[in-house]
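> let me see the structure of the following:
(chains A and B)
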Amino acid sequence: MARVVVDVMPKPEILDPQGQAVARALPRLGFDGVSDVRQGKHFELEVDDSVDDETLARIAEGFLSNPVVEDFVVRRVQA
Amino acid sequence: MRIGAVTFPGTLDDSDTIRAIKASGAEAVALWHGDADLKGVDAVILPGGFSYGDYLRAGAIARFAPVMGEIITAARGGLPVLGICNGFQVLCEAGLLPGALLRNAGLHFVCRDQWLKVENNATAWSSRYEAGAEIIIPIKNMDGRFAAPKSVVDELEGEGRVVFRYAGLNPNGSTDDIAGISDPTGRIVGLMPHPEHAIDALTGPSDDGLGMFLSVLDSVVAA
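Sure thing, here's the model as predicted:
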């Protein structure tokens, strides 16, 4: 078994109103110096060793993300 | 003339869609997400709601339902398909229409009567409208902001595939005020507002929505 992390983020050119709302809230909470926030999704998958990188990429691209508006990064981490 | 309306877990507007189909004079056929069977219908409508709780992304899981496999195959073969609200999101996730529907720019659930301009009355679902007509039907969604790469938007605009455009106020930051689009053949159409809630002035803001259900009758007879 291995742990695989998939991070999905809105593409840079896609408006992210949720991230903007978070960024605008920070100064009101007394946190200065954060100029931008982008909000995405973080998936943790427990996978068998038999699952290869190509399969993981297909899972990330074909289901966990919508490639029209989102980018993804797949990485294996120590369980 | 038989028109199917699909029910997924979490679909809300299948009853009103069936009512609208009947009001157009067609026979309404209930289609179930788990049945890979279109029951010989002449056209299919994907109603609104929150299929599978909008988990992952709106429409992302409904797209894999057994009934969708049949719909995708039939749609590629020319079956007229209309996606309303969540149905539009499902069609985009399924790749039958380009682009995606994202969180409303104002981060609010928007529920109101919305003016639309009919930009293309040559599709299977808009032929009963005059080109340029302005209609008012309800809109109600959280994820209604149409987005697509610029090249795709340019293609949609260049080919006249923006079928409905928000008139007056843009409710959600949608690119180019896009409310509804079609595939290249004009037989697959998706829009965020809800024509099925506007088929009778007694219960809706107008009966302007009925035109979509009547339009497809002509397209099937003509085909």
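> remind me what whichever helix in chain B runs longest packs against, helices and strands.
Criterion DSSP state H: the longest helix present in chain B is helix B:210-222. Here helix B:210-222 touches helix B:14-23, strand B:43-46, going by 3 or more C-beta pairs under 8 Å, 6 or more residues apart in numbering or on different chains; DSSP states H and E. Backbone N, C-alpha and C define where each C-beta goes, glycine included.
> out of these, deepest packed?
Of all those, strand B:43-46 has the most neighbours on average by mean count of other C-beta atoms under 10 Å in any protein chain shown, namely a mean of 28.
> any idea how far that strand is from the middle of the chain?
On the basis of C-alpha atoms, centre = their mean, to the nearest Å, strand B:43-46 sits 9 Å off its chain's mean C-alpha point.
> which bits of chain A sit near chain B?
Within chain A, the residues that sit near chain B (C-beta under 8 Å from any C-beta of the partner chain) are A:10, A:14, A:15, A:17, A:18, A:21, A:63, A:64, A:66, A:68, A:69.
> ok, the third one - contacts?
Residue A:15 makes contact with B:102, B:105, B:145, B:147, B:173 under the criterion C-beta atoms under 8 Å, 6 or more residues apart in numbering or on different chains.
> can you list the low-confidence ranges for chain A?
Along chain A, the model assigns pLDDT under 70 to residues A:79.
> where do the helices sit along it?
Taking DSSP H as the test, the helices found in chain A are A:17-28, A:53-59.
> go on, chain B?
Counting by DSSP H, chain B has helices at residues B:14-23, B:66-76, B:86-93, B:150-158, B:210-222.
> helices or strands up against the fourth one?
Here helix B:150-158 touches strand B:178-182, going by 3+ C-beta pairs under 8 Å, 6+ apart.
> which two from the contacts of residue A:15 end up farthest apart in space?
Between any two of the contacts of residue A:15, the greatest separation by C-beta to C-beta is 10.2 Å, found for B:105 and B:147.
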